[in-house]
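Colleague: Below: sequence and its predicted model.
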Amino acid sequence: MARNGRAKEARDVGASLALLWGEQEQPSRGPKPSLTPGRIAQAAVALADAEGLDAVSMNKVAATFDVSAMALYRYVPGKGELFDLMIESILAERPDLSAAGDGWRAQVTEWARRCLRVYQGHTWLLAATAMRRQAMGPHQLGWLDAALAALEPTGLTAAQRHHVFILVVGLVRNLAQQSLDFDAERDREWNRLTGELLDRHADRFPALTKALADGGFAPDPDPLAFGMNCILDGVQALIDRAGAASS
């Protein structure tokens, strides 16, 4: 059973890669295709943007083209491959970070800002990329390549640059999730109830009470800047230690 499961997964990933890179076999006979994987992905993205990822099904996407779901399988083998195409379709070409300046810190921060805008513009992306390693197309690999290129001047090892990339993506995803979960009315109610509770039990939670009173829970106008500064200060410390060790 395990062997069969691995084989199926390999076939699915192979199908996704072929679709993402335009390397799928084209039928030599029969009528000219009326749809393309790209058009199907764009329709699915529009559906996910409007109704969420759970609303995306082959039936619903097919309905936007006034065809049957079975007709879509000629272009996209299944829902997993469709999700991979959707992710690829919302990414622009490799981001040009030169406008941010020559410094690696500025370029990595600009990369993170652009990435966060993609997540916030397509809130379903968090669910679509959660807990799985999906096939990656040229646009997605271009984003990864741009981030690693921005980190090259640090002199860190390839593994360290990749670890930094993972930290930055983790921060971006965390902020995107916070933005998705935020509800202003519920936030005000939480603050009111928590404040009243701490008024009654301040002696049990002195640090929390003081932090709340000192504005520690006030909204941060630019949480990405704070998080990136913390990460990149740590990267700079790593660079400095490596330089000291080699001198």
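Modeller: Thanks, I have it. None of the values given here were measured: they were computed from a predicted structure.

Colleague: how about the helices in this structure?
Modeller: 2-20, 37-51, 58-64, 69-72, 79-89, 104-121, 125-128, 138-151, 158-181, 184-201, 206-213, 223-246 (DSSP state H).

Colleague: which residues does Arg114 contact?
Modeller: Arg114 is in contact with Pro95, counting by C-beta atoms under 8 Å, 6 or more residues apart in numbering. In this view, the C-beta of every residue, glycine as well, is placed from N, C-alpha and C.

Colleague: Show the model's pLDDT score for it.
Modeller: The score at Arg114 is 97. That number is its pLDDT.

Colleague: what's the answer for Lys8, then?
Modeller: 42.

Colleague: Give the residue spans of this protein that score low on pLDDT.
Modeller: The model of the chain has pLDDT under 70 over residues 1-12, 26-32, 131-133.

Colleague: Domains in it, by residue range?
Modeller: The record's domain parsing of the chain by automatic domain parsing lists 2-89, 98-182+217-246, 184-213.

Colleague: residues in contact with stretch 16-28?
Modeller: The contact list for stretch 16-28, computed with C-beta under 8 Å, 6+ apart, reads 15, 33, 37, 76, 80-81, 84-85, 88, 134-138.

Colleague: Return the closest of those with respect to Gln120.
Modeller: Glu88 (18.5 Å; C-beta to C-beta).

Colleague: if I look at the closest one, how far off is Gln134?
Modeller: 9 Å (C-beta to C-beta, to the nearest Å).

Colleague: on that earlier part again, of the helices of the chain, flag the one that's most buried.
Modeller: Counting by mean count of other C-beta atoms under 10 Å, helix 79-89 has the highest mean neighbour count of these, with a mean of 22.

Colleague: Please compute how far it lies from its chain's middle.
Modeller: Counting by C-alpha atoms, centre = their mean, to the nearest Å, helix 79-89 is centred 13 Å from the centre of its parent chain.

Colleague: Need the residues that contact it.
Modeller: With C-beta under 8 Å, 6+ apart as the criterion, helix 79-89 contacts 12, 15-16, 19-20, 37-38, 40-42, 44-45, 48, 53, 56-58, 61, 76, 125, 128-129, 134-140.

Colleague: Kindly report the same for stretch 183-196.
Modeller: Against stretch 183-196 from outside (C-beta under 8 Å, 6+ apart): Leu212, Phe217.

Colleague: What would it look like as CSV? C-alpha coordinates only.
Modeller: Provided in CSV are the C-alpha atoms of stretch 183-196 (Å, rounded to 0.1, in the frame of the first residue of the first chain):
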residue,chain,number,x,y,z
ASP,A,183,-11.7,41.3,13.4
ALA,A,184,-11.8,44.9,14.7
GLU,A,185,-15.0,44.5,16.7
ARG,A,186,-13.9,41.2,18.4
ASP,A,187,-10.5,42.8,19.1
ARG,A,188,-12.1,45.7,20.9
GLU,A,189,-14.3,43.4,22.9
TRP,A,190,-11.3,41.2,23.8
ASN,A,191,-9.4,44.3,25.0
ARG,A,192,-12.3,45.4,27.1
LEU,A,193,-13.0,42.1,28.7
THR,A,194,-9.3,41.4,29.3
GLY,A,195,-8.8,44.8,30.8
GLU,A,196,-11.7,44.3,33.2
